[in-house]
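[1] sequence and predicted structure, then a few things I'm wondering about:
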Amino acid sequence: MQKLTIIIFLLFVSSTGYAKNKYIVPKTKTPATKQQLITALKNGYVNVFKKKPDINTLAMSLAQVNLENAHGKVIYNHNLGNVGPTYKEKAKYFILGPTKYKAHNTFTEGAIGYWKHLKKVCYKALPYFKKGNAYTASYVLRSCNYYGAPKSKYADVLGKLFPLAKKRILKK
């Protein structure tokens, strides 16, 4: 009977949140330069897709990370694009406000997480990245719940950031 009571108690504690969550990590600010972002996004793309990204795809990803992470100034735990864990995913994460975001050890890991998320959850946006169509890409990203902001506002900002990102990459 005593063993049963202990088992029930342990189940209760683990299901009510009193047990320590081994996946949650402290939120740590990890700002990045534009060059760090470009390098990480390029290397992450190669890791996920086994080929180099075309200029439009790389520029669109840089534009989106610039939008999501304030041009590299507001990045936590190397998370590029503010990607959260999917339902039932066992990944380290940090909490910002009411939302969980994946935690990474390097910008390249963060970029790999970004590209894997797009490939798995928002793959329909990738052809519009390649075409350099920021407006359609942003609407498709919204349809797969990538972001919660008003569609037209997000599309306008991404549309303005894309040519600047492309210019930055070509300048490199």
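    Thanks, I have it.
[2] what segments of this protein are strands?
    Taking DSSP state E, the strands of the chain run over residues 93-96, 99-102.
[3] out of the ones you listed, which one sits most buried?
    Stretch with highest mean neighbour count among those: strand 99-102 (a mean of 19; mean count of other CB atoms under 10 Å). (Each C-beta comes from the backbone N, C-alpha and C, glycine too.)
[4] what is the neighbour count of residue 156?
    Neighbourhood size, residue 156 [other CB atoms under 10 Å]: 14.
[5] gap between it and residue 47?
    Counting by CB to CB, to the nearest Å, the separation of residue 156 from residue 47 is 31 Å.
[6] quick revisit: pipe the strands of the chain into a markdown table and attach mean pLDDT and distance to residue 122 per row.
    Shown next, in a markdown table, are the strands of the chain (pLDDT from 0 to 100; distance: least, CB to CB, whole Å):
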| stretch | mean pLDDT | distance to residue 122 |
| --- | --- | --- |
| strand 93-96 | 94 | 19 |
| strand 99-102 | 94 | 15 |
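[7] quick one: average confidence on the longest helix seen in the chain?
    Across the chain, the helix with the greatest residue count (assigned by DSSP state H) is helix 151-171. For helix 151-171, mean pLDDT rounds to 97.
[8] can I get the strands of the chain in TSV including distance to residue 166?
    Compiled in TSV, the strands of the chain are given as follows (distance: least, CB to CB, whole Å):
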stretch	distance to residue 166
strand 93-96	29
strand 99-102	27
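[9] now do the phi/psi pair for the most centrally placed residue in the chain.
    Residue closest to the mean C-alpha point of the chain, counted by CA atoms, centre = their mean, is residue 83 at 2.7 Å. With angles defined as degrees, to the nearest 10, residue 83 sits at phi -90, psi 130.
[10] from residue 154, how far off is it?
    16 Å.
[11] enumerate every residue touching residue 114.
    41, 44, 61, 65, 80, 81, 83 (CB atoms under 8 Å, 6 or more residues apart in numbering).
[12] what does residue 159 give?
    Residue 159 touches 134, 135, 138, counting by CB under 8 Å, 6+ apart.
[13] repeat for residue 27
    Contacts of residue 27 by CB under 8 Å, 6+ apart are 76, 77, 94, 95, 96.
[14] separation between the fourth one and residue 140?
    Computed as CB to CB, the residue 95 to residue 140 distance reads 28 Å.
[15] contacts only, for residue 32.
    40, 69, 72, 75, 107.
[16] thank you kindly, that will do.
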